[in-house]
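# Have a look at this fold, sequence not included:
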C-alpha cells in the first residue's frame, strides 16, 4: 500500500484521538501513542506487519484493562476508550484498501465522540481541520496518482459542497433531547456547586474560571453587592459538612412587601443538578419550575443542556414572616458533641443580648474585631472545625465564615441556615451582559428574625467588603493563587477575553442552543404554520432534493451549455478588440473574409490579421492541430495590437 496513504491515515487517527488524551486512562494513551509510533516505524522501514496472534493478544489485554478500569464496557467513557484503542490497533493490520476505508469511517465516527466532551468553537474548528485531513486521505485512497495539493483542493471543494446540505439538516432535522448514546448514567459531568459544603469546598471553586451562567438585565442592573444568586440551601451539620438534610418541605414560600423589581435573562450552563439560579426573591419565571419553601428555584429535571430563562426578582422583600415551627426546629439542629468553645461563646452572647437582632450584630462585630483573614488557601481544620477556625486559624474562605456564623446562631437559639450560590459577576461591555464564573461561588447565612422573616447575613462582608463590592481579586490577600485573568490583567487582554466570550455566547445561543423550542419558533417566523414533525420531514426532503438537483445541474452543465475551446475563445478576443475599434464582425462573416475587410480598412494590420485568420482556420477546420501550433497561435493573439 502507498506510503503516503498510510501516513495520511496515521495523521487522521492521531488528530481525532488527540483531544481524548485528557479523558483516557494514562495507560491507554501510552498504548495508542506506542502503536502509532510503531506503525510509523514499520511504514518508514518497509517492515512486515506484526503477526495476528500478537494483535489479538494486545486487543484482548486492552479490552480487559478497560473493563477493569471502568467496570463495564458500556457508557461514554468505556465506549470511547474502547473505540480509540481499536482504531489505533486497526492501523497495525492495514493491508488492503478495504482496511483503509474502515479506518476512514472510524476516524469520522471518533470526530463525533469529541463533541461528547466539548462543543466550543475551538473544538469545532479543530475537528473541521481533522475532517479535512480525513477527506484528503479518502481522496488519495480513491485516486493515488493525484498530487497532495490537488487532493487538498478536492477535499475543500467537497466540504464546501456539503455546507448547503448541512445547513438544511441543521435547521429542519428534529432536535433530540438527551444523550445520543442512550446511557444517562455517565452522560453528563457534574460541575460547579454541590449540595454539600465542607471547609475548602468553595475555595477550590474560587480557582476555576469556568462559566456558570451569563446574565443580561432589562434596564439598569443592580449593584454588585445585591447580586446574590441563590443555589442550594443547607440545613444539617454533622460537625464538618453541611447538607440539605433528608426532609424535603415543598410548601410554597410567602413573600410580602416586595420592592425594587429587576428583570433579567439567564443563560445557564449544564451542571447536572436541578437547581436554577435567580436573584432573591423571584416572583416570575418563564419556564416551569418549583420554588421550594426555602426559596430554591428547582427545575423539574437535572439541567443536562444549556438553558435560557427570563425571571423577575425583588431585591426588597419579607420572606416567610410566619414560618412553620417545623422549619424553625430544622434551623436549630446542631451536633452538640462538637465545638464546645463555640457553643460556650454563643451562650455568653445569648445571655448578654436583648433580642436576636442584637445577637446577630454581636457576632458580626466579633468577626470584624478578632483579626480574621479572608484567603483562598485556608489551613486544615480538625474534628472541631468551628472551634479551630474561630480561635486558632482565623483564616478562611466564605464557607468557613458562613458555617461558623450559622453554628454560632444555632448555638444561641437563633434559627439560621447556610445558603450557597454565586455573588456578583464580571460585566462584558462588548456583549452587554454579566459573566458569572465558578470563581464567583459564594456562601452566606440566613437568620429568621421575628417580624422580619428570613434575613440574609453575609459575614464575609465584614471581613472582606471588597468581595461584595469588587469581586474576589479585591478581597483576598494572596492574589497569586487566583487564576491569571482574575488578577487585574492588562486592558487589552480583558477586551480580547470579552470579545471571545461574546463570540462563544453567540455560538451557544444560535448553534448549541438551537433546541426543539427554538427550532419551532424559528420555523414559525419563516412562515411555517402549525409546525409538525411531518411538515418538517417533508420540507427537509424537499430542501435536500432541491440542493441535490442544483448540484447535479451544475455538474452536468457542459451537456447544456457549449463553451468555446481555447482556440475559438482566442479568436473571439481578437474580434472583440477589432469591434471596439469600430470594425465589428458580422454574424455570417468567416475568418478569411473578415480579415480581408479589416486589412482593407487598416492596411497596417493586414499582415497580422490575415496571419491570425489563416492560423485559426487551420486549427479550427484543418488537420494542422498540433500542440505547438496551438500555443504559437495563442501567443500571437496575446501579442496582437490595434
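All right, it came through fine. Since the model is a prediction, treat every value here as computed from it, not as a measurement. Numbers count the residues shown, from 1 in each chain.
# ok, which stretches of the stretch 501-642 of the chain are helices?
Ranges of helices in the stretch 501-642 of the chain, per DSSP state H, counting those that start in this stretch, are 516-525, 533-555, 566-580, 591-601, 606-621, 627-639.
# isn't there a helix covering residue 214?
No. Read with DSSP: H, G, I helix; E, B strand; the rest coil, residue 214 is strand and lies in no helix.
# mind listing what it touches?
Neighbour list for residue 214: 266-267, 433-436, 505 [criterion: C-beta atoms under 8 Å, 6 or more residues apart in numbering]. No exception for glycine: its C-beta is placed from N, CA and C like everyone else's.
# Closest one to residue 72 out of the residues you listed, please.
residue 267 (34.3 Å; C-beta to C-beta).
# any idea how far that closest one is from residue 276?
Separation of residue 267 from residue 276 (C-beta to C-beta, to the nearest Å): 12 Å.
# between these two, what contacts are shared?
Joint contacts of residue 267 and residue 276 (C-beta under 8 Å, 6+ apart) are residue 307.
# which of those two has more neighbours?
A direct count of neighbours by other C-beta atoms under 10 Å for residue 267 and residue 276 places residue 276 higher, at 26 against 18.
# per-residue confidence for that one?
For residue 276, the model assigns a pLDDT of 94.
# Confirm for me that it is in contact with residue 269.
No. In this structure, residue 276 is not within contact of residue 269 by C-beta atoms under 8 Å, at 11.8 Å.
# follow-up on the earlier one: could I get the helices of the stretch 501-642 of the chain in TSV, plus columns for mean pLDDT, mean neighbour count and distance to residue 493?
TSV is the format used below for those (pLDDT from 0 to 100; neighbours: other C-beta atoms under 10 Å; distance: least, C-beta to C-beta, whole Å):
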stretch	mean pLDDT	mean neighbour count	distance to residue 493
helix 516-525	75	13	33
helix 533-555	78	12	43
helix 566-580	89	16	56
helix 591-601	91	17	69
helix 606-621	89	17	65
helix 627-639	87	13	55
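# Run through the chain and note the low-pLDDT ranges.
176-191, 246-250, 470, 473-487, 529, 531, 533, 557-564, 623-625 (pLDDT under 70).
# Quick check, central residue of it?
residue 120 (3.4 Å; C-alpha atoms, centre = their mean).
# List the contacts of it.
Residue 120 neighbours (C-beta under 8 Å, 6+ apart): 504, 507.
# Kindly provide the distance from it to residue 210.
12 Å.
# Could you verify my assumption that residue 568 touches residue 619?
No. Between residue 568 and residue 619 there is no contact under C-beta under 8 Å: 9.2 Å.
# returning to what we had before: now tabulate the helices of the stretch 501-642 of the chain in a markdown table and tack on distance to residue 156.
Below are the helices of the stretch 501-642 of the chain laid out as a markdown table (distance: least, C-beta to C-beta, whole Å):
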| stretch | distance to residue 156 |
| --- | --- |
| helix 516-525 | 29 |
| helix 533-555 | 16 |
| helix 566-580 | 26 |
| helix 591-601 | 42 |
| helix 606-621 | 36 |
| helix 627-639 | 30 |
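# Relative to residue 298, which of those helices is closest?
With C-beta to C-beta as the yardstick, what comes closest out of these is helix 516-525 (19.8 Å).
# elements contacting that closest one?
helix 148-172 (3 or more C-beta pairs under 8 Å, 6 or more residues apart in numbering; DSSP states H and E).
# ok, then the element right after the helix it packs on?
helix 201-205 (DSSP states H and E).
# That next one: which residues count as buried?
Within helix 201-205, the residues scored as buried using 16 or more other C-beta atoms under 10 Å are 201-203, 205.
# Doesn't residue 266 lie inside a strand?
Yes. Counting by three-state DSSP, residue 266 is found in a strand.
# For it, give me its contacts.
213-215, 276-278, 308-311.
# Dump the residues you listed into TSV; add distance to residue 237 as well.
TSV is the format used below for the contacts of residue 266 (distance: C-beta to C-beta, whole Å):
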residue	distance to residue 237
213	28
214	33
215	31
276	25
277	24
278	25
308	35
309	32
310	36
311	30
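# Which ChimeraX command selects the buried ones in these?
Here is the ChimeraX command that selects only those of the contacts of residue 266 that count as buried (16+ other C-beta under 10 Å):
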select :213,214,215,276,277,278,308,309,311
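# So which of the contacts of residue 266 belong to strands?
213-215, 276, 278, 308-311 (DSSP state E).
# Now these in JSON lines, please, with extra columns for distance to residue 130.
Conversion of those to JSON lines gives the following (distance: C-beta to C-beta, whole Å):
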{"residue": "213", "distance to residue 130": "31"}
{"residue": "214", "distance to residue 130": "29"}
{"residue": "215", "distance to residue 130": "35"}
{"residue": "276", "distance to residue 130": "36"}
{"residue": "278", "distance to residue 130": "41"}
{"residue": "308", "distance to residue 130": "30"}
{"residue": "309", "distance to residue 130": "35"}
{"residue": "310", "distance to residue 130": "38"}
{"residue": "311", "distance to residue 130": "40"}
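# Distance check, the closest residue to residue 575 other than its chain neighbours against residue 344.
Nearest non-adjacent residue to residue 575, counting by C-beta to C-beta, 6 or more residues apart in numbering: residue 585, 4.8 Å away. Distance, residue 585 to residue 344, by C-beta to C-beta: 113 Å.
# Looking at those two, which is more packed in?
Taking other C-beta under 10 Å, residue 585 and residue 344 do not tie; residue 585 has more neighbours (20 against 12).
# What separation do you get for residue 341 and residue 334?
14 Å.
# if you count what's nearby, which of these two comes out ahead?
Ranked by neighbour count (other C-beta under 10 Å), residue 341 and residue 334 place residue 334 first, with 17 against 14.
# What values do phi and psi take at the residue nearest to the centre of the chain?
Backbone torsions of residue 120, given as degrees, to the nearest 10, read phi -80, psi 170.
# any idea how far it lies from residue 107?
21 Å.
# Same check on residue 620?
Relative to residue 107, and taking C-beta to C-beta, residue 620 is found at 51 Å.
# What is the end-to-end distance of stretch 510-520?
Start and end residues of stretch 510-520 are separated by 13 Å (C-alpha to C-alpha, to the nearest Å).
# scratch that, stretch 555-565 is what I was asking about
18 Å.
# quick one: the strands in the stretch 301-450 of the chain?
307-319, 373-374, 395-396, 416-423, 426-428, 433-437, 441-449 (DSSP state E, counting those that start in this stretch).
# how does the protein divide into domains?
3-146, 201-467+481-486, 566-639 (automatic domain parsing).
# hmm, back to that, of the buried residues of helix 201-205, which is the nearest to residue 359?
Among the buried residues of helix 201-205, and counting by C-beta to C-beta, the member closest to residue 359 is residue 202, at 25.6 Å.
# surely that closest one meets residue 440?
No. If you go by C-beta under 8 Å, residue 202 and residue 440 don't touch, sitting 10.3 Å apart.
# what's the helix or strand hosting residue 89 in contact with?
Using DSSP H and E, residue 89 sits in helix 76-90. Under the criterion C-beta under 8 Å, 6+ apart, residues 13, 16-17, 20, 23-25, 28, 31-32, 35-36, 55, 58-59, 62-63, 66-67, 69-70, 72-73, 99, 102-103, 106-107, 109-110, 113, 116, 179, 181, 183, 186-187 lie in contact with helix 76-90.
# residues of it that come out buried?
76-82, 84-85, 87-90.
# what sits against residue 566?
Contacts of residue 566 by C-beta under 8 Å, 6+ apart are 630, 634.
# re earlier: pull out the buried members of the contacts of helix 76-90.
Looks like the contacts of helix 76-90 have 13, 16-17, 20, 23-24, 28, 31-32, 35-36, 55, 58, 62, 66, 70, 103, 106-107, 110, 113, 116, 179, 181, 186-187 buried, using 16+ other C-beta under 10 Å.
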